[in-house]
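A.B. asks: For reference, the sequence and a predicted model appear below.
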Amino acid sequence: MNNAIEPQGAAPGAASARHSSYRTYLIGLVAALMLTSASFWSASSPLIYGPSLPILLAVLAIAQMGIHLVFFFHISSAPDQTNNFLALAFGIFVVGLTIFGTMIIIANLNHAMTPSMDKLMEMQR
């Protein structure tokens with residue numbers, strides 16, 4: 001048990017929190033730069049199969065978000081990070097729900113309001 005005196009106004013356990021060193025920031029920076037350069041290289045390279053390029057870029061973007069979360073935001077699965085992890089999961093859920101819900105609504109409106117090609121041809125006559 002840690003008997004360190006916590007500063008006034010600090011959250012419980014804040015005094016025992018370990019500050020990250022420059023080494024972790026440097027590792028995160030190098031990894032982020034490598035993923036960024038890989039994204040630019042793959043987008044401009046003729047060696048990558050064209051239809052698979054969006055999937056590759058999405059994978060690299062998700063990997064880069066993971067690098068940022070771990071090395072810069074210090075989000076982990078440690079017991080003292082439970083609130084941060086739950087807040088991140090809830091934020092991802094809300095953003096995903098908003099984006100996919102909007103896409104479903106727009107697709108439904110597009111389907112309901114777009115006349116078929118036959119009707120468009122009749123309108124032009």
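C.D. replies: Looks like it came in fine. Residues are numbered from 1 along each chain as shown.

A.B. asks: looking at the chain, which helix or strand is least sure?
C.D. replies: The weakest-scoring helix or strand in the chain, judged by mean pLDDT, DSSP states H and E, is helix 117-124 (a mean of 74).

A.B. asks: That helix: which residues count as buried?
C.D. replies: By neighbour count with 16 or more other C-beta atoms under 10 Å, helix 117-124 contains no buried residues. For the C-beta atoms, the positions are set from N, CA and C on the backbone; glycine is no exception.

A.B. asks: now for it, which elements pack on it?
C.D. replies: Judged by 3 or more C-beta pairs under 8 Å, 6 or more residues apart in numbering; DSSP states H and E, helix 117-124 is in contact with no other helix or strand.

A.B. asks: tell me which strands and helices the longest helix seen in the chain is in contact with?
C.D. replies: Ordering each helix of the chain by length in residues (DSSP state H) puts helix 82-113 first. The contact analysis (3+ C-beta pairs under 8 Å, 6+ apart) places helix 82-113 against no helix or strand.

A.B. asks: Pull the distance from that helix to the chain's centre.
C.D. replies: For helix 82-113, the separation from the chain centroid amounts to 13 Å (computed by C-alpha atoms, centre = their mean, to the nearest Å).

A.B. asks: do the same with stretch 100-119
C.D. replies: The chain centroid and the centroid of stretch 100-119 are separated by 28 Å under C-alpha atoms, centre = their mean.

A.B. asks: Give me the contact list for it.
C.D. replies: With C-beta atoms under 8 Å, 6 or more residues apart in numbering as the test, stretch 100-119 has contacts from Met123.

A.B. asks: so where does the most centrally placed residue in the chain fall, helix or strand?
C.D. replies: The centre of the chain sits closest to Met65, judged by C-alpha atoms, centre = their mean, with a distance of 4.9 Å. Per DSSP states H and E, Met65 falls inside helix 53-67.

A.B. asks: which other helices and strands contact that helix?
C.D. replies: Against helix 53-67 (3+ C-beta pairs under 8 Å, 6+ apart) you get helix 22-44.
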